[in-house]
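J.: sequence first, then the predicted structure, then my questions.
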Amino acid sequence: MNDGAVSSPRSGADSKPVTLAKALNMSLRAAMDEDPKVIVMGEDVGKLGGVFRVTDGLQKDFGDHRVLDTPLAESGIIGTAVGLAMRGYRPVAEIQFDGFVFPGFDQISSQVAKVTYRSQGAWSMPLVIRIPFGGGIGAVEHHAEAPESFFCHIGGLRVVACSTAQDAYDMLRAAISCDDPVVFFEPKRRYWEKGALDLGATPLTDTGAERELPPGCFSSVVRRPGTDVTVVSYGSSMPILHAAADAAAAEGRSLEVIDLRSLSPLDLGPVLDSVRKTGRLVVVSEAPRESSITADIAARVTEEAFYSLAAPVLRVAGFDTPYPPSRLEEDYLPDLDKVLDAVDRALAF
């Protein structure tokens, strides 16, 4: 799917630096202002404002009938959100940490992803499931996982991941406006990084019963053009790719940096175009290598651009183990050295 990729965040008089978490908060606030059917729900999202303060102030301004503190029961959160969505609401369900989503996995797989198909389109499922994901914050077990590949394997779900404040704002607005269920991954270790945010956002359109996505929000985007090696990732790994491109440039090498944004469906058009130019591809992800998004990208690029490849597709990913204790996570996660090593190996062929 290609919704019309854009090459850079918008700029203008309204542009100002905000944290990624604040951009998400502003996006929720704008959606709730626009549509009284938008409801936020989850553990500690109300009075506390969420453990990462993404929902800070929303219950105060919109009331506890629209910002609901739920019990510690992810299956109940998702199941309730399913019923609300089937009754015409647009629930945004927060899963407090990535590793907490699995008690709700049955609801997501058996109900969320299938209601529209099961009803032959009579019911839509305008549900957003927000999940902070990934490591790098020194957290304990179940608080630092990258489970996105599980959801990409379930037909009927959109799976997306933001990496900048502008994308956090635009993509969450788009997800809430979408009549498909969207699993929305947020890179928790990037919550406090600031970036430009243009509040002259692409308007959501409402034409009768049809709500349209802002163009370009869910498509891959070239963040930095280059000629020698294509490097691809999403979410929390994107700053590492930019750092790798800077380091490579100092040595006279040019990396093309691509942010996937949509993990399912994958928009591989820009990736294939880039590989046909550079002949080399490195794919980066925190998730384990086995049966992962990086594996799917490697396979599909090999199938569709084999004769353009000057080297095998290389992957930098997490290990095929449970996430380690926080003292070891820097050895587990992709970093600048691992990415540059893969770039060197690609160029050595």
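T.: Perfect, thanks for sending it.
J.: which residues does the closest residue to residue 180 other than its chain neighbours contact?
T.: Using CB to CB, 6 or more residues apart in numbering and skipping the chain neighbours, the partner closest in space to residue 180 is residue 158 (5.3 Å). Backbone N, C-alpha and C define where each C-beta goes, glycine included. Going by CB atoms under 8 Å, 6 or more residues apart in numbering, residue 158 touches 175, 178, 180-183, 218, 262, 264-265.
J.: flag every buried residue along stretch 301-310.
T.: 301, 305, 308-309 (16 or more other CB atoms under 10 Å).
J.: then stretch 32-43?
T.: Under the neighbour-count rule (16+ other CB under 10 Å), stretch 32-43 has 32, 35, 37-43 buried.
J.: can you list which of those are found in strands?
T.: Using DSSP state E, 38-42 are the members of these that sit in strands.
J.: which of the contacts of residue 158 are buried?
T.: Among the contacts of residue 158, the ones that count as buried by 16+ other CB under 10 Å are 175, 178, 180-183, 218, 262, 264.
J.: quick check: which of these has the minimum pLDDT.
T.: Within the buried ones among the contacts of residue 158, residue 218 has the lowest pLDDT, namely 90.
J.: for residue 278, the count of nearby residues, please.
T.: Other residues within reach of residue 278, judged by other CB atoms under 10 Å, total 22.
J.: so what's it closest to, chain neighbours aside?
T.: residue 230 (4.8 Å).
J.: so what's the backbone phi/psi at that neighbour?
T.: For residue 230, the backbone dihedrals (degrees, to the nearest 10) come out as phi -90, psi 130.
J.: tell me the contacts of it?
T.: Going by CB under 8 Å, 6+ apart, residue 230 touches 255-256, 258, 271, 274-275, 277-278, 280-282.
J.: from those, which single one is nearest residue 113?
T.: Residue 113 has its nearest neighbour among those in residue 271, at 25.3 Å by CB to CB.
J.: for the one helix or strand the closest one maps to, buried residues please.
T.: In this structure, residue 271 is located in helix 269-278 according to DSSP states H and E. Neighbour counts over helix 269-278 (16+ other CB under 10 Å) mark 270-275, 278 as buried.
J.: thinking again about what came up before, what's the farthest-apart pair in the buried residues of stretch 301-310?
T.: Based on CB to CB, the longest span within these runs between 301 and 308 and measures 8.9 Å.
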